[in-house]
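1. Got a predicted structure here, sequence first:
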Amino acid sequence: MDIKMAPLGALFVASLFVVSASVPAKQERPLAQTNFGTVRGVSKLHEDGRTYDVFFGVPFGSSREGDKRWTVAEFPDPWEGELECTDYRPYCKQLITPLYGLLGMNTNDSEDCLFLNVYIPESIKAKRDANIPVLVFIYGGIFLLGTSDMYPVQELALNTDTIVVTFNYRLTALGFLSTGNAKAPGNYGLWDAYLALKWVQENIESFGGDPNRVTLMGQSAGGASASHLALSPYTNGLFQRYLTVSGSASSWFATTDYLSKTVRNTALILGCNIFNQQAMIDCLKEKSSTALDLVGLISPFVTGKLPNWVPVVDGDFVPVHPRDGVYQGANSHLDMMVGYTRHDAFCFIYLNFLGYPVGDTLNIAQNKDLMMSFIRMLMTPYDDPDNLINIIIGQYPDLMSDDELTRSKAAVQFMTDFVFASPHHFEAEHHSRNGKGRTYLYEFAHRQSFLFLEDWVQASHVDDLHSYIGPLFLQAYREDLLGTQWNEDDKFVSRNIQSYLGNFAATGNPNEGPFSVPTEWPEYDEISKQYLVQQPDFYVQSETDEQLERFNFWTQFYDNVRPSTSPKIHKSVERLSMLLMPHLAELLENYQHLADHPEDFLAFLKGAVRNIIENY
């Protein structure tokens, strides 16, 4: 099915409606004093008549350009006078920046990108001495993409009566390159998040916030980051509770042991000296972020290893493997809320991340061989992946079904359990066992009416963010491309989830606080194993024997398999590489044209995926 794009002008106008509203008449613009200088924000009017204040683009870190690339971020230099904070500032460099133009979004990225946004319900004058709870949100995007612009959180702030802070952090090679030693230890994106949290502690009172009631929230890679931060010894006292939405530090995609080899391959391809690490890093500092990211895409097909450009265990900020940190109770002092969507991995199997009506056109499980190669690549960090795959097929036998729908459902279940559900179960089980902070587990199972998914799918990755945050950057996309609106069930689910979240931010208990909720959400414990199912009829259930069998399978898998010390490229991965390389070469050769013509970029991506599915 061909994707028909709405005129960019219509998308742009609609997106402006998402991130801006009329300034209330005759109201003085809000002013706040930070440790670095005075900031002047803007007052806005929500479509329902409520007012809120926003400070856009407040500097919390200095530029990481030039020699500062791959160094831990520092606070900004002070400024004189009032700093105008009335619009978004540049976000951190990323490969897909041109595609944001298709959604009418800001396409201004930079290595000087450490800015945050502060959303305050009602007026800052009324809230200055109120010490209201604070929620700090980390966006997701598999550590490769994402911006704070994408998440206008005024509705979340208004509906939870919290101050909500969003911020940019470094991504891809600029955020996570690591040599595995002091030359470039890595985890710079996590250090950026640490600095943002430190800024909140030192400055949020000037905005009316309570530094002793800070909740850290993240989704997908942002959830994994929040989980990493909860386990890190550096963050003690920076927040009191955290919420991870479909993302855990103990998940497969949240750490890697192979970044140093990726860095060497990247340097080799870009013509840098790989025999002297300091010379190599100095050389890479001269390369564009685009070149680093494009070559980084190729590296897994050279090394045969995934994931790429993600956090590493550095013995410092990430002192031990996250699973060991969870076992040891490094996060036990915090109140914790974790969860996932019922069909979290649907978008990764069907390659439909935005709920567009493409059916199974891009479903990689159409091709059984391609699907198995994809699974094999997921297993590449471990010894003897072929044997592991046979064990996985024993647990999910429908992966080998000749019926495409049966096979597709099994693939979605396998990857949902492996990447999302099992790690969250693992964290909830051990956090509750370690016993200091409260533990809450949920499954989001509401089918958003405005998305076009397969009939059997209730909720895929990102679908829950519509309910947790409210209208996202996707509002323009939804209204102009999908032509759909929220129905009453969508609004009901969102309103009640935000009530749970407002209570959690205020008290650490989703049932107690300023908001009424439809169902009592019990704490998770290893005896009752109860969790909240989030859909229009919110209800509590215990994990079933069938669920526990699947989750325990993955727990035992993680505990017993070993990282591979001698990476080998399997012939199926070589075959996939043969199909991918011409498309990557075309991307390298034509990147500037594709960057200037995002419609062509989207068509290129779609054509490449179809070619691989049909010819693998």
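-> Received it, and whenever you're ready, just let me know what you need. Residues are numbered from 1 along each chain as shown.

2. Can you report how many residues lie near Ile269?
-> Residue neighbour count, defined by other CB atoms under 10 Å, stands at 15 for Ile269. Bear in mind the C-beta positions are built from the backbone N, C-alpha and C, glycine included.

3. What score does the closest residue to it other than its chain neighbours have for pLDDT?
-> Distance criterion CB to CB, 6 or more residues apart in numbering; nearest residue to Ile269, sequence neighbours excluded, is Val295 at 4.9 Å. Here the pLDDT value assigned to Val295 is 83.

4. In terms of helix, strand or coil, where does Val295 fall?
-> Assigned by DSSP: H, G, I helix; E, B strand; the rest coil, the conformation of Val295 is helix.

5. What helix or strand is Ala411 located in?
-> Using DSSP states H and E, Ala411 sits within helix 404-415.

6. For the most centrally placed residue in the chain, list the residues it contacts.
-> Centrality entry for the chain: nearest residue to the mean C-alpha point is Gly140, 1.5 Å, by CA atoms, centre = their mean. The contact partners of Gly140, by CB atoms under 8 Å, 6 or more residues apart in numbering, come to 146, 218-223, 246-247, 462.

7. Need phi/psi at the residue nearest to it when sequence neighbours are not counted.
-> Excluding the flanking residues, the one nearest Gly140 by CB to CB, 6+ apart is Ser220, at 2.8 Å. With angles defined as degrees, to the nearest 10, Ser220 sits at phi 60, psi -120.

8. Ser220 reaches Ser251, doesn't it?
-> No. With contact defined as CB atoms under 8 Å, Ser220 does not reach Ser251; the gap is 9.8 Å.

9. Which residue, neighbours along the chain excluded, lies closest to Ser148?
-> Going by CB to CB, 6+ apart, Ser148 has Thr166 as its nearest residue, at 4.0 Å.

10. Quick check, the one you found in contact with Leu135.
-> No. Assessed by CB under 8 Å, Thr166 is found out of contact with Leu135, at 9.6 Å.

11. helix, strand or coil for the residue nearest to Ser148?
-> Classification of Thr166 by three-state DSSP places it in strand.

12. So it versus Ala157, what's the distance?
-> Distance from Thr166 to Ala157, counting by CB to CB, to the nearest Å: 10 Å.

13. Output the below-cut-off pLDDT ranges for the stretch 201-350 of the chain.
-> Applying pLDDT under 70 to the stretch 201-350 of the chain picks out residues 301-304.

14. Please enumerate the helices of it.
-> Taking DSSP state H, counting those that start in this stretch as the test, the helices found in the stretch 201-350 of the chain are 221-231, 259-269, 277-284, 289-303, 322-328, 346-350.

15. what's the closest of those to Asp600?
-> Asp600 lies closest, by CB to CB, to one member of the helices of the stretch 201-350 of the chain: helix 289-303, at 16.6 Å.

16. tell me the angle of that closest one relative to helix 259-269?
-> Counting by axes from the mean of the first three to the mean of the last three CA atoms, to 10 degrees, helix 289-303 lies at 110 degrees to helix 259-269.

17. ok, and what's touching the helix or strand hosting Lys606?
-> Secondary-structure assignment from DSSP H and E places Lys606 in helix 598-615. Contacts to helix 598-615, defined as CB under 8 Å, 6+ apart, come from residues 3, 5, 98-102, 351, 361-364, 366-367, 370, 576, 579-580, 583, 586-587, 590, 593-595.

18. Narrow those to those that are buried.
-> Buried subset of these (neighbour count, 16 or more other CB atoms under 10 Å): 98-102, 351, 361-364, 366-367, 370, 576, 579-580, 583, 587, 594-595.

19. now, which of these lie within strands?
-> Nothing among the buried ones among the contacts of helix 598-615 maps onto strands, per DSSP state E.

20. how about the residue nearest to Ser148, what does it touch?
-> Thr166 sits next to 116-117, 119, 136-137, 139, 148, 151, 153 when contact means CB under 8 Å, 6+ apart.

21. Looking at these, which one is closest to Gln530?
-> Lowest distance from Gln530 to the contacts of Thr166 (CB to CB) belongs to Phe137, with 26.8 Å.

22. distance of that closest one from Val39?
-> 19 Å.

23. Please apply the same query to Cys272.
-> Using CB to CB, Cys272 is found at 41 Å from Val39.

24. now do Ala193
-> For Ala193, the distance to Val39 equals 21 Å [CB to CB].

25. Now do the strands in the stretch 451-600 of the chain.
-> Assignment of strands within the stretch 451-600 of the chain using DSSP state E, counting those that start in this stretch yields the ranges 530-534, 539-542.

26. how about the helices in the stretch 451-600 of the chain?
-> Secondary structure of the stretch 451-600 of the chain by DSSP H, counting those that start in this stretch: the helices cover 463-469, 474-477, 488-507, 545-560, 571-596, 598-615.

27. what residue ranges in the stretch 501-616 of the chain score low on pLDDT?
-> In the stretch 501-616 of the chain, residues with pLDDT under 70: 562-574, 577, 588, 598.

28. What degree of burial does Phe55 show, as a neighbour count?
-> Phe55: 25 surrounding residues under other CB under 10 Å.

29. Show me what it is bridged to.
-> Going by DSSP bridges, Phe55 is paired in beta bridges with Val118.

30. any idea how far Ala585 is from it?
-> Using CB to CB, Phe55 is found at 44 Å from Ala585.

31. do Ser288 as well
-> Using CB to CB, one obtains 18 Å as the distance from Ser288 to Ala585.

32. now do Ile204
-> 48 Å.

33. Just want to know which of these two has more residues nearby.
-> The residue with more neighbours, out of Ile204 and Ala585, is Ile204; 22 against 11, by other CB under 10 Å.

34. For the more buried one, give me its contacts.
-> 118, 134, 163, 165, 210-211, 214.

35. Equivalent analysis for Thr406, please.
-> Neighbour list for Thr406: Asp398 [criterion: CB under 8 Å, 6+ apart].

36. Next one: it from Ala365, what distance?
-> Thr406 is 10 Å from Ala365, by CB to CB.

37. So Pro152, which state does it fall into?
-> coil.

38. That one touches Pro471, doesn't it?
-> Yes. Counting by CB under 8 Å, Pro471 is a contact partner of Pro152 at 7.3 Å.

39. which of those two has more neighbours?
-> Pro152 (25 against 20).

40. From Pro98, how far off is that one?
-> From Pro152 over to Pro98 (counting by CB to CB), the distance is 21 Å.

41. how far does whichever strand in the chain runs longest sit from the chain's center?
-> Using DSSP E, we find that the single longest strand of the chain is strand 209-219. Centroid displacement of strand 209-219 relative to its chain, using CA atoms, centre = their mean, to the nearest Å, is 17 Å.

42. Can you get me a residue count around the closest residue to Asn590 other than its chain neighbours?
-> Computed as CB to CB, 6+ apart, the closest residue to Asn590 that is not its neighbour in sequence is Phe604, at 7.9 Å. Each residue near Phe604 was counted by other CB under 10 Å, and the total is 17.

43. Kindly report the same for the one 10 residues further on.
-> Glu614 sits with 11 neighbouring residues when counted by other CB under 10 Å.

44. how near is it to Asn363?
-> 12 Å.

45. Okay, buried residues for stretch 159-166 please.
-> Within stretch 159-166, the residues that qualify as buried are 159-166, counting by 16+ other CB under 10 Å.

46. ok, which pair from those residues is furthest apart?
-> Farthest-apart pair in the buried residues of stretch 159-166 is Asp161 and Thr166; separation 17.3 Å (CB to CB).
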